[in-house]
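[1] give me a model of this one.
(2 chains)
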Amino acid sequence: MREKILTFIEKNSRVDLKELAIILGVDEATVVNELQAMEKEHIICGYHTLIDWDKAGIEKVSALIEVRVTPQRGMGFDKVAERIYNYPEVNSVYLISGGFDLMVTLEGKTLREVSKFVSEKLSALDTVLSTKTNFILKKYKDHGTVMTAPAKDERIMMF
Amino acid sequence: MRNPLSKTITTIQPSGIRKFFDIVSEMDDAISLGVGEPDFDTPWHIRDEGIYALEKGKTFYTSNSGLKELKVEITKFLDRKYDIQYDYNKEVMVTVGGSEAIDVAMRAMLDPGDEVLIPQPSYVSYVPCCVLANGTPVTIELKAEDDFRLTAKQLEDAITDKTKLLVLPFPNNPTGAVLEKKDLEEIAKVVKKHDLFVLSDEIYSELTYVEGKSHVSIASIPGMKERTIVINGFSKAFAMTGWRLGYACGPEILIKQMLKIHQFAIMCAPTTSQYAAVEAMKNGDGDIAMMREEYNGRRRYLMHRFKEMGLECFEPLGAFYAFPSIKEFGMTSDEFATSFLKAKKVAVVPGTAFGDSGEGYLRISYAYALDDLKVALDRLEEYVNELRAKQ
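    Next comes the predicted model:
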């Protein structure tokens, strides 16, 4: 049941819980209880809104930053990651395999703001060996959702 | 000038569904619950294989019966899903949709005067295909009190010494009924007793929603494979309607002759589609499961709404249609659908489009996103309440 609830709300967290219960074929109390439990257990970590800021006419600059760091004795990468993710302008931090260690995504109001963060804060950390900043030029798809408006229904009443 | 038309073709009526579509396309803000195809796009990995086949220049005819690789995958699929075993080389042919398979099968099997038993309500093309093949269609009325299943008794009662073929359209469009193994065993007894053949249209076989009532093919009942043509395809299971690809499986003696018609009329099914379909059969189980889950949620929602608005409806177990009764309003299906469309701008299909026995019912498709269903059902509820207030 949990997987079914999660799969559904991952795509649509605004669903009416009574409706969700009908769709999943269970009673409403089950859905409500499971959701509360999963929030408590921090399986559900938040409810967010996917926004096309471009279309809203509000300027934002996003960057993907590849970061190479020195892991710390006894802590591995966790401590370094924590120092980075505590900055509110940081959107996400992933430990990854491959040519570098951490992938940091960042959102700022201007190019200058992002550059400033990288040069003054991120690169200034002792454990950071190098950074490579990739600015996002256009967002096509995010969280499994294509950013362009869905196509019109062109199906014909055939049979 | 002489009449250019054959006597046969003028007796055939065009499909009743298109009339509604023509009205809908004239209206600006009408919404539809009338479409009979999935709302999902074909899964990308399948489309990608189609594109790849084009890029590689696979643009020639395939063999008449279809790509060997695809036929092999079809036999594996049928074995894995429904426990029926076919020889890919002699008992399988790839067709232009399940609809071509229906046509070709009837033409290969019927002589003038042969009677074909067609349970209704059901898909619109069995009767015309039968007539075009010089057969005589004999309809059997499926009843709500039997959960729209065909019973052995009904079958027995409809058989004459001219009966040759039984069409078995389950999971059913438009009712959503399915036949369970025990139903099929009873039907199989009658079929064998009277030495009939079966055309089993299983195009919705992957779309069943209730545990323990998933699709059983009549060909898997002992002694039935040799007298059954199984028709299936890619349109519904893999959301591939526009690719026009289906298949027929059956005894060699029939497939061999059906292949002759296909060879001269069609040559072969589209090559691009066949390559894409190989991918669908190999790696498409996850897509089917995802779509089935989605349809099932909508089905539950739909049934809940019908219950709330007090509209009687048989619980559909398969396909993606519900078939609510509108008998309480004292209108024909056609009148209801027409006036509902005019009043609330929602298109539904009158049950009579699927045979006279669909009178008093509507076909409502749930191949629509939940948000669209919601809006349409709100309007149906309004309309139903208005009608009741007037009564």
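[2] going by C-alpha atoms from here, please, whenever you check contacts or count neighbours.
    Fine.
[3] kindly report the residues of the stretch 251-391 of chain B close to chain A.
    Contact residues, the stretch 251-391 of chain B versus chain A (Cα under 8 Å from any Cα of the partner chain): B:Asn296, B:Gly297, B:Arg298, B:Arg299, B:Arg300, B:Tyr301, B:His304.
[4] host element of the first one?
    Looking back up the chat, that one is B:Asn296. Element membership of B:Asn296 [criterion: DSSP states H and E] is helix B:285-308.
[5] who are the packing partners of that helix?
    Based on contacts counted as 3 or more Cα pairs under 8 Å, 6 or more residues apart in numbering or on different chains; DSSP states H and E, the elements that helix B:285-308 packs against are helix A:17-24, helix B:370-390.
[6] what's downstream of it, the next helix or strand?
    Helix B:285-308 is succeeded, C-terminally, by strand B:321-322 (DSSP H and E).
[7] what lies in contact with the helix holding B:Asn296?
    A:19, A:22-25, B:40, B:43, B:206-209, B:237-238, B:312-313, B:315-316, B:320, B:322, B:324, B:366-367, B:370, B:373, B:377 (Cα atoms under 8 Å, 6 or more residues apart in numbering or on different chains).
[8] most neighbours among the residues of the stretch 251-391 of chain B next to chain A, which one?
    B:Arg299 (28 neighbours; other Cα atoms under 10 Å in any protein chain shown).
[9] what's the distance between the residue nearest to B:Gly176 when sequence neighbours are not counted and B:Phe40?
    The shortest distance from B:Gly176 to any non-neighbouring residue, by Cα to Cα, 6 or more residues apart in numbering or on different chains, is to B:Pro316 (4.2 Å). According to Cα to Cα, to the nearest Å, B:Pro316 stands 20 Å off from B:Phe40.
[10] between these two, which has more neighbouring residues?
    Legend: neighbour count by other Cα under 10 Å for B:Pro316 and B:Phe40, higher for B:Pro316 (27 against 14).
[11] about what we covered before: want to throw the helices and strands packed on helix B:285-308 into a markdown table with distance to B:Leu110, mean pLDDT and mean neighbour count?
    Converted to a markdown table, the helices and strands packed on helix B:285-308 look like this (distance: least, Cα to Cα, whole Å; pLDDT from 0 to 100; neighbours: other Cα atoms under 10 Å in any protein chain shown):
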| stretch | distance to B:Leu110 | mean pLDDT | mean neighbour count |
| --- | --- | --- | --- |
| helix A:17-24 | 45 | 95 | 19 |
| helix B:370-390 | 42 | 95 | 15 |
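[12] closest to B:Asp48 out of the ones you listed?
    Distance to B:Asp48, taken as Cα to Cα, is lowest for helix B:370-390 among the helices and strands packed on helix B:285-308, at 27.5 Å.
[13] name the residues that touch that closest one?
    Helix B:370-390 has contacts (Cα under 8 Å, 6+ apart) with B:31-33, B:298, B:302, B:305, B:309, B:329, B:340, B:343-344, B:346, B:366.
[14] now it, how far from the chain's geometric center?
    What separates the centre of helix B:370-390 from the centre of its chain is 27 Å, taken as Cα atoms, centre = their mean, to the nearest Å.
[15] ok, back up a step: possible to save the helices and strands packed on helix B:285-308 as JSON lines with distance to B:Ile51?
    Formatted as JSON lines, the helices and strands packed on helix B:285-308 follow (distance: least, Cα to Cα, whole Å):
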{"stretch": "helix A:17-24", "distance to B:Ile51": "36"}
{"stretch": "helix B:370-390", "distance to B:Ile51": "31"}
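[16] now the spatially most central residue of chain A, what's its secondary structure?
    Chain A has A:Ser92 as the residue nearest its centroid, 6.3 Å off, counting by Cα atoms, centre = their mean. Secondary structure, DSSP: H, G, I helix; E, B strand; the rest coil: A:Ser92 is strand.
[17] quick check on the residue lying closest to it once chain neighbours are set aside: phi, psi?
    Of all residues not flanking A:Ser92 in the chain, A:Thr105 sits nearest, at 5.2 Å (Cα to Cα, 6+ apart). When read as degrees, to the nearest 10, the backbone of A:Thr105 gives phi -110, psi 150.
[18] pretty sure A:Thr105 is touching A:Leu95, no?
    No. The criterion here is Cα atoms under 8 Å, and A:Thr105 misses it with A:Leu95 at 11.9 Å.
[19] so which bits of chain A are right by chain B?
    Neighbours of chain B within chain A, by Cα under 8 Å from any Cα: A:Glu19, A:Ile22, A:Ile23, A:Leu24, A:Gly25, A:Arg155, A:Ile156, A:Met157, A:Met158, A:Phe159.
[20] for chain B, what's the nearest residue on chain A?
    A:Ile23 (4.2 Å; Cα to the nearest Cα).
[21] what are the contacting residues of the longest helix seen in chain A?
    Assignment by DSSP state H gives helix A:28-40 as the longest helix of chain A. With Cα under 8 Å, 6+ apart as the contact definition, helix A:28-40 has outside contacts at A:Arg2, A:Ile5, A:Leu17, A:Lys18, A:Leu20, A:Ala21, A:Ile22, A:Ile44, A:Cys45.
[22] now do 7 Å
    The set of residues external to helix A:28-40 that reach it, using Cα atoms under 7 Å, 6 or more residues apart in numbering or on different chains, is A:Arg2, A:Leu17, A:Lys18, A:Ala21, A:Ile44, A:Cys45.
[23] try stretch B:319-338
    Contacts with stretch B:319-338, where a contact means Cα under 7 Å, 6+ apart, come from B:171-176, B:204, B:207-208, B:295, B:311-314, B:316, B:347-352, B:359-367.
[24] next secondary structure element downstream of the helix or strand harbouring B:Gly50?
    Assigned by DSSP H and E, B:Gly50 belongs to helix B:44-55. Next in sequence after helix B:44-55, counting helices and strands by DSSP H and E, comes helix B:68-82.
[25] which neighbouring elements make contact with the next helix or strand after that next one?
    Using DSSP H and E, the helix or strand that follows helix B:68-82 in sequence is strand B:92-95. Packing partners of strand B:92-95 (3 or more Cα pairs under 7 Å, 6 or more residues apart in numbering or on different chains; DSSP states H and E): strand B:246-249.
[26] repeat that for 8 Å
    Other elements packing on strand B:92-95 under the criterion 3+ Cα pairs under 8 Å, 6+ apart are helix B:68-82, strand B:246-249, helix B:252-265.
[27] next helix or strand past the strand or helix carrying A:Ser130?
    Taking DSSP H and E as the criterion, A:Ser130 maps to strand A:128-135. Next in sequence after strand A:128-135, counting helices and strands by DSSP H and E, comes strand A:141-142.
[28] that next one - what's its average pLDDT?
    Average pLDDT, strand A:141-142: 90.
[29] hmm, who's touching whichever helix or strand comes after that strand?
    Once strand A:141-142 ends, the next helix or strand along the chain (criterion: DSSP H and E) is strand A:145-146. Applying Cα under 8 Å, 6+ apart, the contact partners of strand A:145-146 are A:Tyr140.
[30] so what strands line up beside strand A:145-146?
    Looking at strand A:145-146 with DSSP bridges, its partner strands are strand A:141-142 (antiparallel).
[31] quick one: distance of the strand it pairs with to the chain centre.
    10 Å.
[32] one more: stretch A:113-127?
    That offset, for stretch A:113-127, works out to 21 Å (Cα atoms, centre = their mean).
[33] can you check stretch B:58-76 too?
    23 Å.
[34] what comes up buried for that stretch?
    B:62, B:64-68, B:70-76 (16 or more other Cα atoms under 10 Å in any protein chain shown).
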